[in-house]
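**Student:** Predicted structure and sequence below. I'll ask about it afterward.
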Amino acid sequence: MGVAEEIRQKLLPRFREMTTDRVERISSALLELEKGAGGAELQEELARELHTLKGEARMMGFVGISAVVHAAEEVLKAAGASPPKASLQALLEACDAMLPLIDQPADGGAEAVELTARLNTLLGAPDGPAPTTAAPAAVPSVGPKARSRGTDPAARLELRGDKPAASIRVDVDRLDEIAAIAGDVLVEGARAMRRSRDLTGLFARWNRLSDRVVALADRLRQAGQGGRHVEQLEGDVHLLRSDTFRFIRSHTEAVQGARTQFSLMAERVGSARLIPLSGILAAFPRAARDMAQEQGKEVDVTVSGGETGVDKAILLSLNDPLVHLVRNCVDHGLETPAEREAAGKPRAGRITITARTDGDLLALVVEDDGRGVHPSKVRAAAVKKGIIGEQQAASLSARAALDLIFTPGFSTREETSETSGRGVGLDVVRRRVTTFGGSVSVESEPGKGARFTLRMPQSLSLMKVLLVRIDDDVYGLPAVDVDSVGRLDPKEVTEVAGIRAVRYRGKLLPVVALGPLLSLNGGPRHPRPTVAYVIHGSEGAAVVVDGLFGEREVAVKAPGAFLKGMRFVTGAAALEDGRVALLLSTSDLVGAARRLASPAASRGRDRRRLRVLLVDDSAIAREAEAALLRSLGHEVEEAVDGEDGWQRLQSGGHHVLLTDVQMPVLDGIDLTRRVKATPRFLKLPILILSSLSAPEERRRGVDAGADAYLVKGELDPENLAATLERLCGGGA
């Protein structure tokens, strides 16, 4: 390999990165031109970027890319201040092809020839051969610094200073290993501080003992006993105490200094793992434009906050949720130009994507000014698709109805399209975001638009948490969501629609005891228990705990196989005393508090203990479901299949029937039909509990006459309790 080619190969990754940057800027500028914005200054910037890219391509020997960019320059020059749509579309397609051409032969192959020919056609020029340029004999060096890219497999560690090689490439996986070690070192620093405190305690005990020895020596001396030996002992004690004091002081200072350095190192490593969001956000204006054009719509997309950094693992998982949200805005949210003009709106719809930091959290907002989401339409669609029953739909608030759009299989569209409408999408958004302990919320005003807000940790390596105690176990709440802590006065607790609530800073927050919620205990015994007021988005809750351990910065570990999928748990963290704290999702806690009626409220009024007939052929599932029902205070009679359940129903006295679907002899669907066809049982509420979650399975259950349908894998005390209360009007 010759020297020039060897240098070219070394510079190829750098050229790919810089070309990615330039193509993004060129595409953004073209979209601004399409809107009629920018003027002469924007055109000059665009021409400069194209010219620089052409020169860099020639320098690297990419003849095909150079030819395409040269033709693009000529098209832009000939188009003037207001390029026609055909020219802009051709230039955007040339941008799309630029990066793939890097992996083609130097002449770009047939694709480069075709692109050049199309651009030349716009000029009215003949389709001549692409210009050729020989590879240079030597390749000059390029500038020393480069920005981190979200699409690049490696991150950069910026080293302070003005010397030429001021940055190095570090593989992100290697950086992840360093971050994990930094987190462990941070914990070890906390343990060292704990050992230092223990050592100080030992010294205090030694100090008290030495005082006794000195006092004893003084008494012996006064009594004329011991002589020189007593004086020597007293001197040794004084010397040892002085040496111990100096050691304790220097050791404590050293540990404090080391812990500070450990914290700084962990913080810097965590910051180095953050990659700018611009790597994925930059593509959305173009993508939204293309989707809108396919549907005969017009759209202006504004992106801000691309410089905001986010953990690599989160960044890689954000693309799909954002794609689904933008697709939803274009397909469901924005009206056609004619519809918008009739409604007094601009012809072009507006989509805004904003990224910002909110404490330790990343907040991503996707907003449009379209038709909005109508709660009544959501309720109707959910009933029609078998997601909920009519009785349940009627009881939902507007906010709860909007939340149904994140249910698997939900769609308000009857027909499918290339863009969306197949009943998939928004459930993916919530599932991806909650995987990282985040939350998704939607706000909408019919006729004016919708706003989707994604909140999640900015970094997965370190997190500030409030440690709380349930019995002898320790749990962590994200400190950024904890507004304050205090004591809960029972006199300040009221009931709203059967839910215990407390007024906090002008608004009512539901009260939830963490111990019972996690099925750990029956709640705190103190008459004025400790409470943490947590706020998540526009919602909040008063979380009652057994005690507090204070705030810590912890190294977050992903939950292992044993904890993976466990309700409310998003991770774990090792503490300085050797214990492990489970980290909880604030969004899940707030949601549970909002839905869960208090057991105390159930006892206080005319709510009754339900007699439940539970039908399930799986002994394990039946045992678990019966235990859950009994923990809610209900009486349970068990049946092993549908026929057994039907026979047990004849005795009467049951308030509700819970049945599985797939069973021998008589399955749950046929049992439901038989019960609803019998006048005696016509008003008996039926709740289907099934492992089948597909929309068509839900629809089968509702069509058979079931009043509600819950998926076993998503079953937890609060949604079962809330469902039973809706169906029976009784305690849950």
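**Tutor:** Looks like it arrived, so ask away.
**Student:** Let's see the pLDDT reported for the nearest residue to Leu584 once chain neighbours are set aside.
**Tutor:** Computed as Cβ to Cβ, 6 or more residues apart in numbering, the closest residue to Leu584 that is not its neighbour in sequence is Phe568, at 5.0 Å. (C-beta placed from N, C-alpha, C; glycine too.) With respect to pLDDT, Phe568 scores 80.
**Student:** pretty sure Phe568 contacts Ser585?
**Tutor:** Yes: Phe568 lies in contact with Ser585 (Cβ atoms under 8 Å); the separation is 5.6 Å.
**Student:** picking that back up, list the contacts of the residue nearest to Leu584.
**Tutor:** Leu517, Leu518, Leu584, Ser585, Asp588, Leu589, Ala592 (Cβ atoms under 8 Å, 6 or more residues apart in numbering).
**Student:** let's see it at 6 Å
**Tutor:** The contact partners of Phe568, taken as Cβ atoms under 6 Å, 6 or more residues apart in numbering, are Leu584, Ser585, Asp588.
**Student:** okay, now Val711: neighbour count?
**Tutor:** Other residues near Val711 number 17, with proximity taken as other Cβ atoms under 10 Å.
**Student:** sorry, back to before: would you list the phi and psi of the residue nearest to Leu584?
**Tutor:** The phi and psi values for Phe568, taken as degrees, to the nearest 10, are phi 80, psi -20.
**Student:** and if you look at Glu638?
**Tutor:** Main-chain dihedrals, Glu638, degrees, to the nearest 10: phi -110, psi 140.
**Student:** so who does the spatially closest residue to it that is not a sequence neighbour touch?
**Tutor:** Among residues not flanking Glu638 along the chain, Leu614 sits closest, at 5.2 Å (Cβ to Cβ, 6+ apart). Counting by Cβ under 6 Å, 6+ apart, Leu614 touches Glu625, Ala626, Val636, Glu638, Leu658.
**Student:** remind me which residues of the stretch 201-350 of the chain are low pLDDT?
**Tutor:** For the stretch 201-350 of the chain, the stretches flagged by pLDDT under 70 are 226, 270.
**Student:** who's sitting farthest from the centroid in the protein?
**Tutor:** The outermost residue of the chain relative to its centre, with distances by Cα atoms, centre = their mean, is Gly224 at 78.5 Å.
**Student:** hey, which helix or strand in the chain has the poorest pLDDT?
**Tutor:** strand 154-158 (a mean of 30; mean pLDDT, DSSP states H and E).
**Student:** could you list every residue that touches Pro524?
**Tutor:** Val544, Asp546.
**Student:** do that again at 8 Å, thanks
**Tutor:** By Cβ under 8 Å, 6+ apart, the contact list for Pro524 reads Ala513, Gly515, Thr530, Val544, Val545, Asp546.
**Student:** ok, now Gly449?
**Tutor:** By Cβ under 8 Å, 6+ apart, the contact set of Gly449 is Gly333, Glu367, Asp368, Asp369, Gly370, Arg371, Gly372.
**Student:** The first one contacts Asp368, correct?
**Tutor:** Right, the one you point to is Gly333. Yes: between Gly333 and Asp368 there is a contact at 4.3 Å, judged by Cβ under 8 Å.
**Student:** Which neighbours do those two have in common?
**Tutor:** With Cβ under 8 Å, 6+ apart as the test, Gly333 and Asp368 both reach Gly349, Gly449, Ala450.
**Student:** What separation is there between the first one and Leu31?
**Tutor:** Taking Cβ to Cβ, to the nearest Å as the criterion, Gly349 is separated from Leu31 by 15 Å.
**Student:** Mind checking which of the two has more residues around it?
**Tutor:** Comparing Gly349 with Leu31 by neighbour count (other Cβ under 10 Å), the higher total belongs to Gly349, at 26 against 19.
**Student:** is it true that the more buried one touches Thr302?
**Tutor:** No: at 11.7 Å, Gly349 does not count as touching Thr302 under the criterion of Cβ under 8 Å.
**Student:** quick one: what helix or strand has Val187 in it?
**Tutor:** Applying DSSP states H and E as the criterion places Val187 in helix 172-222.
**Student:** now for that helix, which elements pack on it?
**Tutor:** When contacts are defined as 3 or more Cβ pairs under 8 Å, 6 or more residues apart in numbering; DSSP states H and E, helix 172-222 sits against strand 154-158, helix 228-272, strand 547-555, strand 569-574.
**Student:** so can I have CSV of those showing distance to Ala90 and mean neighbour count?
**Tutor:** Conversion of the helices and strands packed on helix 172-222 to CSV gives the following (distance: least, Cβ to Cβ, whole Å; neighbours: other Cβ atoms under 10 Å):
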stretch, distance to Ala90, mean neighbour count
strand 154-158, 34, 17
helix 228-272, 41, 14
strand 547-555, 51, 17
strand 569-574, 48, 21
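**Student:** For Lys312, find the nearest of those.
**Tutor:** strand 154-158 (6.9 Å; Cβ to Cβ).
**Student:** so how many other residues sit close to Ser519?
**Tutor:** Per other Cβ under 10 Å, the neighbour tally for Ser519 reads 12.
**Student:** Quick check: pLDDT value at it.
**Tutor:** Per-residue confidence (pLDDT) for Ser519: 73.
**Student:** Was I right to think it contacts Leu632?
**Tutor:** No: Ser519 lies out of contact with Leu632 (Cβ under 8 Å); the separation is 11.2 Å.
**Student:** which residues do those two both contact?
**Tutor:** Residues touching both Ser519 and Leu632 (Cβ under 8 Å, 6+ apart): Pro717.
**Student:** right, so of the helices and strands packed on helix 172-222, which gets closest to Lys384?
**Tutor:** With respect to Lys384, and counting by Cβ to Cβ, the nearest of these is strand 569-574 at 34.4 Å.
**Student:** quick one: average confidence on the next helix or strand after the closest one?
**Tutor:** For strand 569-574, the following helix or strand on the C-terminal side (DSSP H and E) is strand 580-584. In this model, strand 580-584 has a mean pLDDT of 86.
**Student:** could you dump strand 580-584 to PDB, C-alpha only?
**Tutor:** Extracted in PDB, the C-alpha atoms of strand 580-584 (Å, rounded to 0.1, in the frame of the first residue of the first chain):
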ATOM      1  CA  VAL A 580     -28.700  -3.100  47.700                       C
ATOM      2  CA  ALA A 581     -31.400  -0.500  47.100                       C
ATOM      3  CA  LEU A 582     -34.100  -1.100  44.500                       C
ATOM      4  CA  LEU A 583     -34.800   2.000  42.400                       C
ATOM      5  CA  LEU A 584     -38.400   2.700  41.800                       C
END
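**Student:** so what strands line up beside that strand?
**Tutor:** In the sheet containing strand 580-584, its partner strands are strand 473-478 (parallel), strand 569-574 (antiparallel), by DSSP bridges.
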